[in-house]
Structures are given as structure tokens and as C-alpha cells.
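> Sequence and predicted structure are below.
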Amino acid sequence: MGFFERLFDNTTKDIAFAEQNGKCSRCGRDLGYEQRGNSGDNCQDWEAHHKKAHSKGGTTSLRNCELLCSDCHKNTGSYGR
Ligand SMILES: [Zn+2]
């Protein structure tokens with residue numbers, strides 16, 4: 001068990017990005033591929049999110065992965081958990 005188990009690897013994020021056509025899965029905003037994890041002021045910032053929270057047993061797998069813009073990610077309720 002460790003911190004890294006709750007991080008999606010780059011391959012998973014790449015596949016998810018392609019499957020979502022580079023858009024936020026909630027609001028449909030265009031995500032900037034190079035802006036991953038920036039969480040700054042750039043409107044294209046995005047994060048890989050666990051659909052089912054890791055703290056509630058959600059797995060770190062493609063099936064449980066959705067990519068969200070930083071705004072939607074902060075509104076998930078499991079932000080930072
Ligand atoms: Zn969004």
C-alpha cells in the first residue's frame with residue numbers, strides 16, 4: 001500500500017484522454033494534453049479522477065478513471081482524498 005497506488009499511470013491517462021476525445025467528462029470543456037495536473041489558472045488544466053473514490057475501495061484502473069477539468073475535479077466531493 002502506498003501513495004503511488006492511487007495515481008493513474010501515464011498510459012491509463014493517455015487512453016482515457018483519447019476515449020474522451022480530449023474533453024472533460026462532465027462539462028465537455030476541451031482539455032490541454034500538456035496541461036495535466038497544472039491546477040493553475042489555465043482553463044485547460046485537468047486531472048485524472050477516480051469515479052469511485054480510492055478511499056472507498058475504487059481501483060486505480062482505466063475503468064474507474066475519468067478525466068476532469070480542474071474546476072469539475074474540485075467539485076467532485078472526493079477532491080484530495
Ligand atoms: Zn469540467
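Arrived safely, thanks for sending.
> Now do the contacts for the residue lying closest to residue 7 once chain neighbours are set aside.
Nearest residue to residue 7, sequence neighbours excluded (Cβ to Cβ, 6 or more residues apart in numbering): residue 60, at 6.9 Å. C-beta: built from backbone N, CA, C; applies to glycine. Neighbouring residues of residue 60 by Cβ atoms under 8 Å, 6 or more residues apart in numbering: 5, 6, 7, 8, 12, 50, 54.
> Any chance of a ChimeraX selection covering the buried ones in these?
Buried residues among these (16 or more other Cβ atoms under 10 Å), as a ChimeraX selection:
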select :8,12,50,54
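> And the lowest mean pLDDT element among the helices and strands of the protein?
The helix or strand of the chain with the lowest confidence, counting by mean pLDDT, DSSP states H and E, is helix 70-74 at a mean of 90.
> mind listing the strands for the chain?
Per DSSP state E, the chain carries strands over the ranges 46-50, 65-69.
> ok, residues contacting the first one?
In other words, strand 46-50. With Cβ under 8 Å, 6+ apart as the contact definition, strand 46-50 has outside contacts at 6-8, 12-13, 16, 24, 31-32, 35-37, 39, 58, 60, 64-70, 73, 76, 78.
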